[in-house]
Each structure stands twice: as C-alpha cells, then as structure tokens.
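Enquirer: quick one: sequence plus predicted model below, questions after.
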Amino acid sequence: MNKKNLIIILGSVISLFVILLLILWIVSIIKPKYFTYEEVENKIKEATSNYYKDHPEMLPSEDGKHSLSYTTLVENNYIKILDELLEDSSSCNVEIIVAKNDTNYTYVPKLSCADKYQSVELYKQILNNNQVVTSGSGLYKDSDNSYYFKGKIDNNYISFGKIVDGKDEDPILWQIIGINSDNTLKIRAVDKYKDRFQWDNRFNVDKNNYSGYNDFEMSLFKDSLKKLENNEYFSSTEKALIIPKQLCIGQRSEDQTGNDGSIECSTLTEDKYMFSTLIPYEYIRASLDENCKKLTDKSCSNFNFIANKNNGSEWVITSTPTNNFQAYIFDGSYFYLGETRRTYNLHLVTNLSEFAFYKSGLGTIDDPYIIK
C-alpha cells in the first residue's frame, strides 16, 4: 500500500470517529436524562423547600397534614414535569405531604409507580413485616387500634439521630415500643443519655431535708425534659419528625396491677414534651411471663425485649402516692422506689411522626430501620 492510500484510509477512519462522536453528542442532548425514584423524591423535596422559601405566606398555619400540588411546582418552574425525570412516569403519581408540627415543617414526596416503586411510611412497613399475633412473641393490636411489641423481639430496632464527637458520628439506636393510635411510633433509646439526672431536689418539710417532692409539674425532672429538647443529636429535619405529646404522670402504688395504662395515664401533663421515659405499664405489658403483674415482680424480666440488666438504673416519670419524696427507678429488670434527690441515668423515649418514611433495613440490631 502506497503512502497516499494510507493517508486516505487514515483520514477516513478519523472522519468516521469524529462523526460518531458528533452523533453521540447530539443523541445525549436530545435524549432526556432520567433519574432513579429516590433521586426524584429528593428533587421534589428540594423543589418544595425552595417554593416555600420564596412563598412563605403559602405555608400552612395549622398543625397537621397538608398537601401541595406537583403541578404548582411545575407551573412555577421549581421542577420539570415527571415525564422528563422518570423513564416510566406514565405509571407514577406524586403526592406531596406538608406536615406542620409547631414551628417545624416536614416535606414528604410520596411517589407511587404501580408495582415498581412505592414510598412507604415506616409504621406501614412495620405492619407489613410483622403479622399481628394474640399469643407468644410478636406485635399485638390494642383496642384503640394501637400496636405494641411483646416478648422476645429482635426486629424492632431503628437508627435515628447521631452523637457527634469531633469528626466521629455514631448513629443512635432505638427500640420501637409500639405504634400509637395516631400512627406515630414510640421509640426508646437503647443506650443511656450522656448526663445523669435528679428527679427533684427541693426542701421537703415532711422529711426536713432536700429529698425533693414527687409532683412532676413542680419538679426538676420537668425542667430537665424541657431542656433536652435543645440537645444536639438531631438535625432540623429529624427534629421536625419528633411529635411532642402530653405525658402520662398518674401515680402508681407498688401493689397495683394492670398493664393497660389506665393508672399512669389517668393524669396527663399540662404541656407537651418531645422526650419522656419508659412508663411502667409498658414494661409489664411487654413481658410474656404470666407471673408479671406488679412493678416489683422480677419475673417481668422474663421474655421481655425491654429487659436489660446491663443498662444500669434509670429514672422514669412515674411516682408513688405513698411517699411524696419517692419516684420509680428502673434497673433493667424491675422497678423500685428511690428518693427523688438521687441521681440516675435516663433512656430517652420519643414519638416519631407518621410521616417518617422507610428507606432501608430489616429492623434487626445489625440492620436497623433507616428513615428518609
């Protein structure tokens, strides 16, 4: 082959290569870029946030569940039409939930694409994963349409919030106590809080010392729970998912039986709180042992997912009507009374919004539920 022909062939190859690159470039411009379902959800959430930043007057003024039309975001140029974001958008619907909780707002895009993808609330995922039972270990349904775990449970763990220590971030592990009748999730921290607390330390005239009083509404414990709302464990987005509730502060005698909450919940706090403690009846209810009837029954630790003898002693919110200077302490296996001036640990209990959406996890200690 002479030099001229070689040059012609080489030039032809280069020309074809350039043409191919040009074609690919044109196709990339014409062909829309599609996203995954989760990427689209994130885009919708971001668009919703930007919309309300620019139109704060449109934010709902009342607590509860509200909605925003996807069309509103499109018409105001905050997001593209769904056809340009999802390849199979013809089977998809979008519901944008706007939940107001005091001064916090949660924006939840609920994407439904036939049998291909569904945004699922965590409480629904838990119900899907757990068949309701009437005996043995498992998830039980109560008369008020609430649910609670009972027995030896190993699939009710959730990771929520982080403990930040310098550059290290440790996820906080919780156990799900149950699903409330309003679809909020009641969860209890596995590990104790970093600080210790007194229940109360006022001067008690009956004892003639600073043993304190066990009236919650006048207690140091009340102030401590309020201060906990400013802890650094949760981002603003996570904090918006915590639902403040009135707390059960009815007093309970050591010899009283009953695990339906009617004793402790006979009196509720005046205010709502983001954090609380385990309530004694919840511990009794969680045991499968038929001999577990009273707080002081050590058999309550049998077949009970809450029981943990290695957790140390912790204050709970419940006090006794017998002595005005005593409240209950939980040592991981049973309850006993102690002077309110004593200092003990605390395992936080809180309630997550029904709009906490499932992302991943099986609910085990090694693969806990993760929310979006």
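Expert: Great, that's in hand.
Enquirer: where does this protein dip in pLDDT?
Expert: Applying pLDDT under 70 to the chain flags the ranges 1-19, 21-32, 165-167.
Enquirer: mind checking what secondary structure Glu229 has?
Expert: helix (DSSP: H, G, I helix; E, B strand; the rest coil).
Enquirer: need the contact list for it.
Expert: Tyr273, Met274, Phe275 (CB atoms under 8 Å, 6 or more residues apart in numbering). For glycine as for every other residue, the C-beta is placed from the backbone atoms N, C-alpha and C.
Enquirer: give me that answer again for 6 Å
Expert: Neighbour list for Glu229: Met274 [criterion: CB atoms under 6 Å, 6 or more residues apart in numbering].
Enquirer: now find how far off-centre the host helix or strand of Tyr140 is within its chain.
Expert: Applying DSSP states H and E as the criterion places Tyr140 in strand 138-141. Centroid separation for strand 138-141 versus its chain: 19 Å, with CA atoms, centre = their mean, to the nearest Å.
Enquirer: list the buried residues in that strand.
Expert: Gly138, Leu139, Tyr140 (16 or more other CB atoms under 10 Å).
Enquirer: and the nearest residue to Asp154 once chain neighbours are set aside, how many neighbours?
Expert: Spatially, and ignoring its direct neighbours in sequence, Asp154 is nearest to Thr364 (6.1 Å; CB to CB, 6 or more residues apart in numbering). Number of residues near Thr364 (other CB atoms under 10 Å) recorded here: 12.
Enquirer: how close does Thr364 sit to Asn311?
Expert: 19 Å (CB to CB, to the nearest Å).
Enquirer: what of Lys150?
Expert: Taking CB to CB, one finds Lys150 at 19 Å from Asn311.
Enquirer: so for these two, which residue has more residues nearby?
Expert: Using other CB under 10 Å as the criterion, Lys150 and Asn311 rank with Lys150 on top: 22 against 17.
Enquirer: which ones are touching the more buried one?
Expert: Residues in contact with Lys150 (CB under 6 Å, 6+ apart) are Tyr140, Ala286.
Enquirer: what's opposite it in the beta bridge?
Expert: Gly138 (DSSP bridges).
Enquirer: roughly how far does it sit from Lys298?
Expert: 18 Å.
Enquirer: hang on, the earlier thing: surely the residue nearest to Asp154 is within a strand?
Expert: No. Thr364: not assigned to a strand; according to three-state DSSP it is coil.
Enquirer: from Thr134, how far off is it?
Expert: Distance of Thr364 to Thr134, given as CB to CB: 24 Å.
Enquirer: now Leu346
Expert: Per CB to CB, Leu346 is found 34 Å from Thr134.
Enquirer: alright, that wraps it up for me.
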